[in-house]
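In: Give me coordinates for this.
(one chain, ligands or ions: 1)
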Amino acid sequence: MRWGKKNCAMAADLLTIPTMSKKTKSSVAKKAKSAGPKYQRILLKVSGEGLGTRGELGIDGEAIRRIAAEIVAVRGLGVDVAVVVGGGNFIRGTTLASQARIQEATAHYMGMLATVINALALQDVLEDLGQPTRVQSSIAIHSACENFIRRRCIRHLEKGRVVILAAGTGRPFVTTDTAAALASVEIGADILFKATKVDGVYTADPVKDKNAKFLAKLSYNQVIDQRLKVMDVSAVDMCQRHGVPIKVFNLMTPGNMRKAVLGQNVGTTIGD
Ligand code: UDP
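Out: Alright, predicted model coming up:
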């Protein structure tokens, strides 16, 4: 399936920013046209929370469609996109293990399977928008998706397919943040995009603390030493060791990911 004009229009519709005047829109469009993408290959980490409704189990159709439209818009720039999906909208291993008489390792495997559910949902929504997509899982589930094979994943990306990486690392006791960092290194991503529901990294949780200050730039060490709740420390450490920058941004704001890919001022950048 090829990327068609109709799909571009559908994605553009979904990304319409209602508060912009016509004049602002056209100047933004002109700027975007003149500047090419800053990154050629990105790894997007979307947490389960981003795919669902806060505090509720399951998938929010509108949220997943909005995320798919953001991805499609970025693909329209010719950028390779791999996505690591979380599973927190269904199961988080540590929480489940503490609530039920389920061994922690088992609960983590259940959490990884939850990410496969999200991956399959995102695949269908992306393909509904005309974007060819493959799901590769770190736990073999032959009837539903491919296994993760690094070279095959890269080949899919080169062919313009979005690859959704499911089941985290395939091993318990870590999270999909770590899986995202690992995958970024493995597939040679230029940057790891961590999608959140806030504008970036703050000194405290901006939802709970009105005095929380926004931080536009951070070093890996600042994130690790100050224990800023951006990603798991192991994930940040992996990115630091391999020189993969991290961009934390709000995926709820339409057009944000495209702006980030174009190198515009969006979210918090973590790097050296
Ligand atoms: N998980 C795991 N190994 C991995 C990735 C995930 O065991 O490599 C389990 C873990 O229990 C985690 C759950 O899957 O809580 C869902 O992933 P995560 O919490 O990262 O989802 P998110 O918070 O991003 O929605």
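In: Please make it C-alpha for all contacts and neighbour counts, starting now.
Out: Noted.
In: So A105 versus the ligand, what's the distance?
Out: Per CA to the nearest ligand atom, to the nearest Å, A105 is found 7 Å from the ligand.
In: Would you mind naming the helix or strand containing that residue?
Out: helix 104-128 (DSSP states H and E).
In: same for that helix, what does it pack against?
Out: helix 48-51, helix 61-75, strand 80-85, helix 93-99, strand 133-137, strand 162-166 (3 or more CA pairs under 8 Å, 6 or more residues apart in numbering; DSSP states H and E).
In: buried ones in the fourth one?
Out: When neighbours are counted by 16 or more other CA atoms under 10 Å, the buried residues of helix 93-99 are found to be G93, T94, L96, A97.
In: Please apply the same query to stretch 54-73.
Out: Applying 16+ other CA under 10 Å to stretch 54-73 flags 58-60, 63-73 as buried.
In: mind putting those in TSV, pLDDT included?
Out: Listed next are these as TSV, based on pLDDT from 0 to 100:
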residue	pLDDT
G58	93
I59	94
D60	94
A63	94
I64	96
R65	96
R66	95
I67	96
A68	97
A69	97
E70	97
I71	98
V72	98
A73	97
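In: For Y220, which of the helices and strands packed on helix 104-128 is the nearest?
Out: strand 80-85 (20.8 Å; CA to CA).
In: Partner strands of the closest one and their direction?
Out: Using DSSP bridges, strand 80-85 pairs in its sheet with strand 41-46 (parallel), strand 162-166 (parallel).
In: Out of those, which is the most enclosed?
Out: strand 162-166 (a mean of 28; mean count of other CA atoms under 10 Å).
In: How far does that one sit from its chain's centre?
Out: 10 Å (CA atoms, centre = their mean, to the nearest Å).
In: before we move on, back to that, considering only the buried residues of helix 93-99, which also neighbour the ligand?
Out: G93, T94 (CA under 6 Å from any ligand atom).
In: picking up where we left off before, looking at the helices and strands packed on helix 104-128, which is closest to M110?
Out: Across the helices and strands packed on helix 104-128, closest to M110 is helix 93-99 (CA to CA), at 7.1 Å.
In: would you put the C-alpha positions of that closest one in CSV?
Out: Output of helix 93-99 as CSV, limited to C-alpha atoms (Å, rounded to 0.1, in the frame of the first residue of the first chain):
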residue,chain,number,x,y,z
GLY,A,93,3.8,-6.0,36.6
THR,A,94,4.8,-4.6,39.9
THR,A,95,1.4,-3.3,40.7
LEU,A,96,-0.4,-6.5,39.8
ALA,A,97,2.1,-8.6,41.7
SER,A,98,1.5,-6.5,44.9
GLN,A,99,-2.2,-6.7,44.5
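In: if we can go back for a sec, dump the strands paired with strand 80-85 into CSV; add distance to V84 and mean pLDDT as well.
Out: Listed next are the strands paired with strand 80-85 as CSV, based on distance: least, CA to CA, whole Å; pLDDT from 0 to 100:
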stretch, distance to V84, mean pLDDT
strand 41-46, 5, 98
strand 162-166, 5, 98
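In: looking at those strands, which is closest to D237?
Out: For D237, the closest of these is strand 41-46, at 16.2 Å, according to CA to CA.
In: Any idea how far that closest one is from the middle of the chain?
Out: On the basis of CA atoms, centre = their mean, strand 41-46 sits 5 Å off its chain's mean C-alpha point.
In: cool, stretch 116-128 as well?
Out: On CA atoms, centre = their mean, the centre of stretch 116-128 falls 13 Å from that of its chain.
In: next one: stretch 259-272
Out: With CA atoms, centre = their mean as the basis, the mean position of stretch 259-272 lies at 14 Å from the chain mean.
In: now it: mean pLDDT?
Out: For stretch 259-272, mean pLDDT is 95.
In: Adjust the sequence numbering to begin at 57 for everything that follows.
Out: Understood, numbering begins at 57; the last thing we discussed is stretch 315-328.
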